[in-house]
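Asks: Sequence below, structure please.
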Amino acid sequence: MLDRSQRRSGGTIPRNPATVRVLTTAENDAVSATGSVQSVQEAEVTLPRQRLEQLWRPATLEALARAYWAYTTKLFLHLVRVVYAPDSTTVVLFSRRIPLLRFHAPQYETEEDGTGGSVTWPIDRGLLVAREGRGRGQLRIRVKALGTPAGDAEATVVLVRVAVRNFYPWLRGSGAFARFGARLYSRTQRALHVVVCNGFLRSLSRLQFPQPPVAPDAVPAERSR
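Replies: Purely as a prediction, here's the structure:
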């Protein structure tokens, strides 16, 4: 949807075709007794209705996923980069020799009723992952249609959620260090994750997604649920 302060005037097209409202989630971000953490950031995105049907096609979900990693790379001034492979996505510091987070290949899902979709990266390993957390957590971006906003039949509202589940941070440590490590994680790695996610959600107002470097007919496999 067009920002109300940027409605078309004399044929002028506003810079941002959508508006974003970052939400405060009620889910707990604290480190659990087992050492795993979860973190959820959400936003309501109001966009033109004609863009809705395109939003959770497999190719578009892949573009949304790449937009997330592109934003992360830009935020950290390209010191942190993302390396794509057929079976993995790896976040590295400077080079492949310093893998911070390695994910298995992303999984794409679409709702059977055509109102949503998601992309999920199972966490494999990396310097930021504790040994006991290897292969256990996940990062997921989910998109869900909420309906038409009052007074604007040409727009629709979509909920976008970025969630980390069952992640075991290396910083937490174990034993006597665990309590201090939990605080250290909350003030560093978790804080950075929140900044990245909220910044990414706000960037969706431009609805500009990078295109994957593949042939036009090569789209990721999807799974309906």
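Asks: On the C-terminal side of the helix or strand harbouring I141, identify the next helix or strand.
Replies: Element membership for I141, per DSSP states H and E: strand 138-147. For strand 138-147, the following helix or strand on the C-terminal side (DSSP H and E) is strand 155-167.
Asks: From the rest of the structure, what touches that next one?
Replies: By Cβ atoms under 8 Å, 6 or more residues apart in numbering, the list of residues contacting strand 155-167 from outside reads 1, 36-49, 52, 55, 68, 123, 129, 133, 136-149, 193, 197, 200-201, 204. C-beta here means a position set from N, CA and C on the backbone, and glycine is covered the same way.
Asks: Selecting buried members of those in PyMOL, what would you type?
Replies: A single PyMOL command selects the buried members of the contacts of strand 155-167 (16 or more other Cβ atoms under 10 Å):
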select buried, resi 1+36+37+38+39+40+41+42+43+44+45+46+47+52+55+68+123+129+133+136+137+138+139+140+141+142+143+144+145+193+197+200+201+204
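Asks: before we move on, the earlier item: what lines up beside the strand holding I141 in the sheet?
Replies: According to DSSP bridges, strand 138-147 forms sheet pairs with strand 116-125 (antiparallel), strand 155-167 (antiparallel).
Asks: now the end-to-end length of stretch 103-117.
Replies: End-to-end distance of stretch 103-117 (Cα to Cα, to the nearest Å): 19 Å.
Asks: Tell me the buried residues in the longest helix belonging to the chain?
Replies: Of all the segments of type helix in the chain, defined by DSSP state H, the longest one is helix 58-75. Buried residues in helix 58-75, counting neighbours by 16+ other Cβ under 10 Å, are found at 58-72, 75.
Asks: What values do phi and psi take at the residue nearest to Q41 when sequence neighbours are not counted?
Replies: Using Cβ to Cβ, 6 or more residues apart in numbering and skipping residues adjacent in sequence, the residue nearest Q41 is C197, 3.9 Å away. In terms of degrees, to the nearest 10, the main-chain angles of C197 are phi -60, psi -50.
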